[in-house]
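A.B. asks: next one to model:
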Amino acid sequence: MRARLLLLAGALAAFGASLGSGFHFDDYAIFPAHFDLGLTRPLTYLTFWLNYQVGGENPIGYHAVNLLLHLGAVLLAYECLRRLLPERAAVIAAALFAIHPIQAEAVNYVWARSIVLAAVLCFASLLSWLEGRQWTAVLWFAAALLAKEECAAFPLMLWLIEKSQWRRPPGLRIFIMLLLSLAAGARVIYATLVTPGAPAGFQAGISPWRYLTAQSVVILRYLRLLIVPYGFTVDPDVHVPLWLGILAWAALIGLVAFTWRRGQTWFLAGLILLIPSSTIFPAADLSADRRMYLPMLAFAAAAGLLLAQVKTHWLPASLGAVLLVFSMVRTSVWMSEESLWREAVERAPDKVRPKIQLARALPAAKALELLNQARVLAPYDPAIAAETGKVLLSEGQPEAALEEFGRALALAPRDARNLNNRGVALQALWQTEAARQDFQRALELDPNLTEARENLARLNQPAR
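C.D. replies: The predicted structure is shown next:
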C-alpha cells in the first residue's frame, strides 16, 4: 500500500497543476458539434461527451478526467510490473511511468486522452492475462482499440512477454487480439479516406516510405528524451534526409541486437508498441511525445531493471526527484496557450505552425508581426493568409480581411474553410448574397464543416 500511495503522490505532484490549464490546439474538436462516434475512437469521444454533459466547456472537468486516468494507469502499471519484475525494479519502473516528463503531453493535453484511456485498458488487459483470465483480457483489449487504435501492437508485446517469461507459443486468444488489431487498422484507413482534411494516411502529405525513414530519427529522439529529459516541445521540427534516416535505422537495429543479447526484451517490447505510430502509416505530425505514453510501460521496465542493480538507494531517489521537477516545469508550460506555443516557436524557429498558433494567443499588433515573419518563411502557405484575415476581421478591418481570405482561397481553392472565411468577410461588408454562395460552396466541399452550416443558418434567419 505504501508503494501505491507514493506512486499516486508522485503523479499528482508532477501533473496535478494541469487542473488549472485550459484547452489547446485540437482540444476544441472535442465539443459536440465535432463528435464523430461512428468512425474512430468512439469510447474516447463518449468520455468527451460525458464531460460536456456534466461541465459544458469548462476545462477543469476535462483535465480532471485526464489526470484520473493517468492515476489509474499508474496503479495498473504497478500491478502488472510487480508480477513481471522483482519488487524493487517494479517500483522504480512504475515511478518512472508515473512522473517522467515525457508523459506530460499525454496527461496535460485533453485531446491526448485517447492514448491514456487506451493504455489504462491495455494495462487492465495485461493484468487479467497475468492472473489467468485470458478471455477477459481479450475484452479489455477490444475496448482499448475503441479508445485509440494506436495500441494495436499490444498483442505482439503480450506474446513477447509470454515467450520470454514462460516460453509459451502464441495461442488462440492472442491470435484473436491480432485480428481485432487488423480490423481496427482497416477502420482507421477507411476513416482517413472519407474524412476531408484527415491528418493521416493518404492525406498526411508524406509517403509511407518517407515517413518510415523519418521515424528512425524520431524514435531516437524519444529515447534521448527518456535519458535526457530536456528539449520537449509540442511541435518539434523534424527534417530527416534519406541517408540520416537509414543510418538511424541501422543504429536502432544494432541497439535492439545488443539489448536482446543481454536479455533486455523490455526494450524491444517498447519499440513494438511504437509500431502503429512510428513505422509506415503516415501522420502529418512526424513526432509527438504523447505517442510514448503506452510504450513507456516497457521502456520504464527496462530502465527499472537496470536501476535496481544499483546498490545505493539514493541514486534512484535522486533521479526521481529530478524527473519530478522537470515534469512540474513541463506542466507549467502547458498552463497557457502563449507559454506552450512560445516555447514551440523558440525551439522550431523555422516552422510555420507554431507561429500561427502563438499569434492566436497574442494581441493583434504582435500577432500580425509574427504572421508576417511566418510569411517570409512560407510565402505561399494559405494558413498564414487565413490567420492574418481572422486577425484583421477581429480588428474591424473586413476589407483587408477579405483580401487575405481571397489569397488563402487562391492558394488552396479546395479548402472549405477558406470559402467559409471569405463568406464571413463578405457578410461583414453586407455582401449577403455573395456570402451565402461561399457558405453553400463550402458545405458542398465539406458537408461536416460546422462553422459554414451555422453561418448559413444565421444568414437565412429572417430579420427582426
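A.B. asks: the closest residue to residue 370 other than its chain neighbours: what's it in contact with?
C.D. replies: Spatial nearest neighbour of residue 370, excluding adjacent residues (Cβ to Cβ, 6 or more residues apart in numbering): residue 359 at 4.8 Å. (C-beta placed from N, C-alpha, C; glycine too.) Applying Cβ atoms under 8 Å, 6 or more residues apart in numbering, we find residue 359 in contact with 366-368, 370-371, 374, 387, 391.
A.B. asks: quick check: the closest residue to residue 283 other than its chain neighbours vs residue 193, distance?
C.D. replies: Leaving aside its chain neighbours, residue 283 sits nearest to residue 200 (4.7 Å; criterion: Cβ to Cβ, 6+ apart). Using Cβ to Cβ, to the nearest Å, residue 200 is found at 10 Å from residue 193.
A.B. asks: those two: which is more packed in?
C.D. replies: Between residue 200 and residue 193, residue 200 has the larger neighbour count (other Cβ atoms under 10 Å), namely 19 against 11.
A.B. asks: quick one, phi psi at that one?
C.D. replies: phi -150, psi 170 (degrees, to the nearest 10).
A.B. asks: also residue 286?
C.D. replies: phi -70, psi -30.
A.B. asks: dump the residue contacts of the residue nearest to it when sequence neighbours are not counted.
C.D. replies: Among residues not flanking residue 286 along the chain, residue 238 sits closest, at 4.3 Å (Cβ to Cβ, 6+ apart). Listed by Cβ under 8 Å, 6+ apart, the contact set of residue 238 reads 214, 217-218, 221, 286-287.
A.B. asks: pick the one among those closest to residue 57.
C.D. replies: For the contacts of residue 238, the minimum distance to residue 57 (Cβ to Cβ) is 29.4 Å, reached by residue 287.
A.B. asks: once you drop chain neighbours, what's closest to that closest one?
C.D. replies: Closest to residue 287 by Cβ to Cβ, 6+ apart is residue 218, at 4.5 Å.
A.B. asks: buried sites along stretch 432-439?
C.D. replies: The neighbour-count check on stretch 432-439 (16 or more other Cβ atoms under 10 Å) flags 435-436, 438-439 as buried.
A.B. asks: next one: stretch 53-60
C.D. replies: By neighbour count with 16+ other Cβ under 10 Å, stretch 53-60 contains the buried residues residue 59.
A.B. asks: ditto for stretch 311-325
C.D. replies: Buried-residue list, stretch 311-325, by 16+ other Cβ under 10 Å: 316, 319-320, 323-324.
A.B. asks: including secondary structure, could those residues go into JSON lines?
C.D. replies: Formatted as JSON lines, these follow (DSSP: H, G, I helix; E, B strand; the rest coil):
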{"residue": "316", "secondary structure": "helix"}
{"residue": "319", "secondary structure": "helix"}
{"residue": "320", "secondary structure": "helix"}
{"residue": "323", "secondary structure": "helix"}
{"residue": "324", "secondary structure": "helix"}
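A.B. asks: having no further points to raise, I will conclude here.
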